[in-house]
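Visitor: need a 3D model of the following:
(chains A and B)
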2 protein chains.
Amino acid sequence: MEDRNKLKTDLSEIGEFGLIDILTKDLKSKNTSTVFGVGDDATLLRYRDKDILVSTDLLLEGVHFNLTYTPLKHLGYKAAIVNFSDIYAMNGRPKQITVSLGISSKLMLEDIKSIYEGIKLACEKYGVDIVGGDTSTSLTGLTISITVIGDPVGENAVFRNSAKENDLICVTGNLGSAYLGLQVLERERVLFEKGKGSLPSLEGYEYIVGRQLKPEARKDIIEALWEKEILPTSMIDISDGLTSELLHISKSSNCGCHIYSEKIPISEESAQTAEEFNMAALTAALNGGEDYELLFTVAIHKHEKIRQLKDVSVIGHIVKQEKGNKLITPDGQAVELQAQGWKHI
Amino acid sequence: MEDRNKLKTDLSEIGEFGLIDILTKDLKSKNTSTVFGVGDDATLLRYRDKDILVSTDLLLEGVHFNLTYTPLKHLGYKAAIVNFSDIYAMNGRPKQITVSLGISSKLMLEDIKSIYEGIKLACEKYGVDIVGGDTSTSLTGLTISITVIGDPVGENAVFRNSAKENDLICVTGNLGSAYLGLQVLERERVLFEKGKGSLPSLEGYEYIVGRQLKPEARKDIIEALWEKEILPTSMIDISDGLTSELLHISKSSNCGCHIYSEKIPISEESAQTAEEFNMAALTAALNGGEDYELLFTVAIHKHEKIRQLKDVSVIGHIVKQEKGNKLITPDGQAVELQAQGWKHI
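Guide: The predicted model follows:
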């Protein structure tokens, strides 16, 4: 077999500044708020008629991604999307990102270019400028740290802490898909490593695997809410699983929530895959994470307007704090919602 | 020997959200531009009468710091300072930072609190708010990614690309100290690991070791320039060494530079230590890096005003591009300045 690295360029041949030049040479700004981007100690932005929103996410090899089954271009795309999603979740529009890369020695110039291509593709699609960053050697794994800057749609950012009793609880898209996609990828990785499968078989799982490897952020929903003049009373994106995010809203807003299990949107492929894994699809939807859908609340009188929105499900309502955070099953049982959250390994 | 970890708290006991609560519970905003900090998908900032500056730095264990001789509190302090320095280098004032941590399994709650104490100490001293971030398990080393936001002093950010022929080239403080401090720390580490020294002996090296482990950013100089109404024509901070930064200014400004070797400020302790290491102190000053001093150019008619500034040395002047980037030695020889820069390991 040919040595694939023969066709590739070692980063030591070009150095840090050479790498930065290659990665950033064709960057063009799409936003007027970007005054001066890459090429100095700091970026200069102009947001004089608007407040600004800032968010940041750190992605680490082995924790947030596994390079065995994650194409580098997809990884770059996802790294950008998860950041954009945080700005949409504030009822905002992402405008700029900075990209910091810690590059392990096994990666070549072409690999870094692939990551950057994915980031650029996401930026192109969502109208975001790359305005700065940092690159470094990493002695350990690949590290991607992105910070995103944007502004609220209209005048109003939407926080987690302002849900009110009787508000409707809404989610976009469907839940659990990204988690189930990950289970399929992990199964194929184990089989592959044991030599029991020559190439991963992902047929029939394209949708959920796509949700895991190349998620989208719900720009469309933020635009639709703006067009319909619906200002959510609270909003968050679903990165850690529906339950965890619902509890964030409840805690911040000093309220409780009741959601109905049969209202929670689950894709056909997710339902089938969950069955295959002997797992309740509902569990994946409640605790799975990485769907990057939006969870938001709206005043009850917006009910008719919400019904007209594509791809939005009403799954329950906000209640007084003392009524707790409950999942109501079809037979009327109320189960306490409990977060799984992040575990330190 | 007592198990030191017995006195410490495992992060798995408290989880991600518990950790965030502990680290951020006593944060108070010092800046009016901080509207909503930690606790939502994004931070809300208000800079309506000003442009904003954004910069980011990634610090990786084994590349940017060695935990063998870096106290965690110092590490946090330095991680914040190197970011502040980028904003000062734009003639700006840092106002907010986001802090992302990738936490390796060997670190306990108390360790993370020490890092955060250092970051908070720097923020307190420089008037900066911690407004967000991300925490994650790291399967490899400790990762610190900080993004800083600030605004220009007055109306004018100062870039690298606007130095003009005949401008004076100025540096603050002295150069090479941080690099020589690192050499001392490395020497003691090696002796310690070989069992030839029970405890590191840093006596007589306090100043240069301090410059390496706990650098400061030149807020004082930015304030003094403002008071004296001196607007530099270009500016950069010295993170990679004087030569590398000078070449950035020359390249961006389409000019050359001539600097005089005997004008380059070197501390007494640096000079002595360099001799001990059989190294030219000038080499450390030119290529050492991590001093976080400011390098800037001013119009020649500002000469008298510059002379009145404490801790600023005029080391040369800007020339036409075709005259090149030269170091002039006391005997009048002109040596081409060549960058060392970053090497991919």
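Visitor: and A:I22, which of the three is it?
Guide: Taking DSSP: H, G, I helix; E, B strand; the rest coil as the rule, one finds A:I22 in the helix state.
Visitor: residue of the stretch 101-250 of chain A with the smallest distance to chain B?
Guide: The minimum distance from the stretch 101-250 of chain A to chain B, using C-beta to the nearest C-beta, falls at A:T140 (3.0 Å). For glycine as for every other residue, the C-beta is placed from the backbone atoms N, C-alpha and C.
Visitor: does that residue really touch B:L142, like I thought?
Guide: No. When contacts are counted by C-beta atoms under 8 Å, A:T140 is not listed as touching B:L142 (9.7 Å).
Visitor: identify the contacts common to these two.
Guide: Taking C-beta atoms under 8 Å, 6 or more residues apart in numbering or on different chains as the criterion, A:T140 and B:L142 both touch B:L60, B:E61.
Visitor: now the residue of the stretch 101-250 of chain A closest to chain B: closest residue in space, sequence neighbours ignored.
Guide: Closest residue in space to A:T140, ignoring its immediate chain neighbours: B:T140 at 3.0 Å, by C-beta to C-beta, 6 or more residues apart in numbering or on different chains.
Visitor: and that neighbour, that's in a helix?
Guide: No. Counting by three-state DSSP, B:T140 falls outside a helix, being coil.
Visitor: could you measure from it over to B:K28?
Guide: 34 Å (C-beta to C-beta, to the nearest Å).
Visitor: neighbour count for the two, which is higher?
Guide: B:T140 (23 against 9; other C-beta atoms under 10 Å in any protein chain shown).
Visitor: double-check the more buried one against A:E61; I have them as touching.
Guide: Yes. In this structure, B:T140 is within contact of A:E61 by C-beta under 8 Å, at 7.4 Å.
Visitor: give me the common contacts of these two.
Guide: A:T140, A:G141.
Visitor: which residue packs closest to the residue nearest the centre of chain A, ignoring adjacent ones?
Guide: The centre of chain A sits closest to A:V82, judged by C-alpha atoms, centre = their mean, with a distance of 3.2 Å. In this structure, A:V82 finds its nearest non-sequential neighbour in A:D57, 5.3 Å apart by C-beta to C-beta, 6+ apart.
Visitor: so that neighbour, which state does it fall into?
Guide: strand.
Visitor: do you know the pLDDT at it?
Guide: If you check A:D57, the pLDDT there is 95.
Visitor: for it, which residues make a bridge with it?
Guide: Using DSSP bridges, the bridge partners assigned to A:D57 are A:I146.
Visitor: all strands for the stretch 51-200 of chain A, in order.
Guide: A:52-60, A:92-104, A:129-138, A:143-152, A:168-172 (DSSP state E, counting those that start in this stretch).
Visitor: a markdown table for the ones you listed, including mean neighbour count?
Guide: Compiled in a markdown table, the strands of the stretch 51-200 of chain A are given as follows (neighbours: other C-beta atoms under 10 Å in any protein chain shown):
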| stretch | mean neighbour count |
| --- | --- |
| strand A:52-60 | 26 |
| strand A:92-104 | 26 |
| strand A:129-138 | 23 |
| strand A:143-152 | 27 |
| strand A:168-172 | 24 |
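Visitor: how about the helices in chain A?
Guide: Using DSSP state H, the helices of chain A run over residues A:15-24, A:72-88, A:109-126, A:177-193, A:206-213, A:219-227, A:242-253, A:268-276, A:281-287, A:303-307.
Visitor: can you flag the weakest of those by average pLDDT?
Guide: helix A:15-24 (a mean of 86).
Visitor: done for today, thanks.
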